[in-house]
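Peer 1: Need a 3D model of the following:
(one chain, ligands or ions: 2)
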Amino acid sequence: MTMAPFTIRSEADTETFGRALAGGLRPGDVVGLCGDLGAGKTFLSGAIARAIGVPASTPVTSPTFTLINEYPGGRMPVYHMDLYRLGSPHDLYELGLWEYYGGDGVCLVEWCDRFSDLWPDDALVLTIALGTGETRTISAAGQGRGAELVTFLQSAFHS
Ligand SMILES: Nc1ncnc2c1ncn2[C@@H]1O[C@H](COP(=O)(O)OP(=O)(O)OP(=O)(O)O)[C@@H](O)[C@H]1O
Ligand SMILES: [Mg+2]
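Peer 2: Ligands and ions are numbered 1, 2, ... in the order given. Okay, the predicted model is just below:
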């Protein structure tokens, strides 16, 4: 497991972080977003999606109720999931998450720490911790491809 913390001082830093990460993402990558309620998981998902080229006319909103939002129009599809309201592992199978993981686009998965037994081994996990005001700490962790992305972020993002 490779891990690294990143200091975020403002919303603009979160946007910069999302853009930096997007530069290293390729089809099939899975990015988990965990952390406190309101920490900025959806905000960061939006920053990543925009940097992949999802046009401003496509809203990036919380998939809490829709469970999966799909955003076309970028250099690859962006699949935005939220596991918060899923009741059981069965629901994950029902949603067909594994058809998206490792597929033709990038998956951004909020509340990825739910059902962690079923989380893909080589995903990147970003855990956002609230600080005061707009301050956040993003802990990036992963193995395999996820570890590659942690290392990539260390060279691509400087706040
Ligand atoms: N540095 C920052 N990064 C991201 N969001 C920030 C930052 N500073 C302030 N915010 C604000 O925090 C809020 C984060 O809301 P967002 O919906 O992204 O959180 P979330 O983690 O997805 O919440 P939920 O747990 O409901 O899914 C937004 O209103 C955003 O404007
Ligand atoms: Mg959210």
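Peer 1: And ligand 1, is stretch 125-144 touching that?
Peer 2: Yes. With C-beta under 6 Å from any ligand atom as the criterion, ligand 1 is reached by stretch 125-144 at 134, 136. In this view, the C-beta of every residue, glycine as well, is placed from N, C-alpha and C.
Peer 1: how far is that stretch from where the chain is centred?
Peer 2: Put simply, stretch 125-144 sits 11 Å off its chain's centre (C-alpha atoms, centre = their mean, to the nearest Å).
Peer 1: ok, which stretches of the chain are strands?
Peer 2: 2-8, 30-35, 68-71, 78-82, 106-110, 124-130, 136-142 (DSSP state E).
Peer 1: give the contact list for the closest residue to residue 143 other than its chain neighbours.
Peer 2: Closest residue to residue 143 apart from its sequence neighbours, by C-beta to C-beta, 6 or more residues apart in numbering: residue 1 at 5.3 Å. Taking C-beta atoms under 8 Å, 6 or more residues apart in numbering, we find residue 1 in contact with 141-143, 147.
Peer 1: how does it look with 10 Å?
Peer 2: Neighbouring residues of residue 1 by C-beta atoms under 10 Å, 6 or more residues apart in numbering: 125, 141-144, 146-147, 150.
Peer 1: Over to residue 85?
Peer 2: Here residue 85 is in contact with 63-65, 67, 91, 111, 114 (C-beta under 10 Å, 6+ apart).
Peer 1: how about a cut-off of 7 Å?
Peer 2: In this structure, residue 85 makes contact with residue 64, judged by C-beta atoms under 7 Å, 6 or more residues apart in numbering.
Peer 1: Distance of it relative to ligand 2?
Peer 2: 11 Å (C-beta to the ion, to the nearest Å).
Peer 1: Need the phi and psi values for that residue.
Peer 2: phi -90, psi 0 (degrees, to the nearest 10).
Peer 1: check contacts around the residue nearest to residue 137 when sequence neighbours are not counted.
Peer 2: Among residues not flanking residue 137 along the chain, residue 129 sits closest, at 4.6 Å (C-beta to C-beta, 6+ apart). Residues in contact with residue 129 (C-beta under 7 Å, 6+ apart) are 35-36, 39, 136-137.
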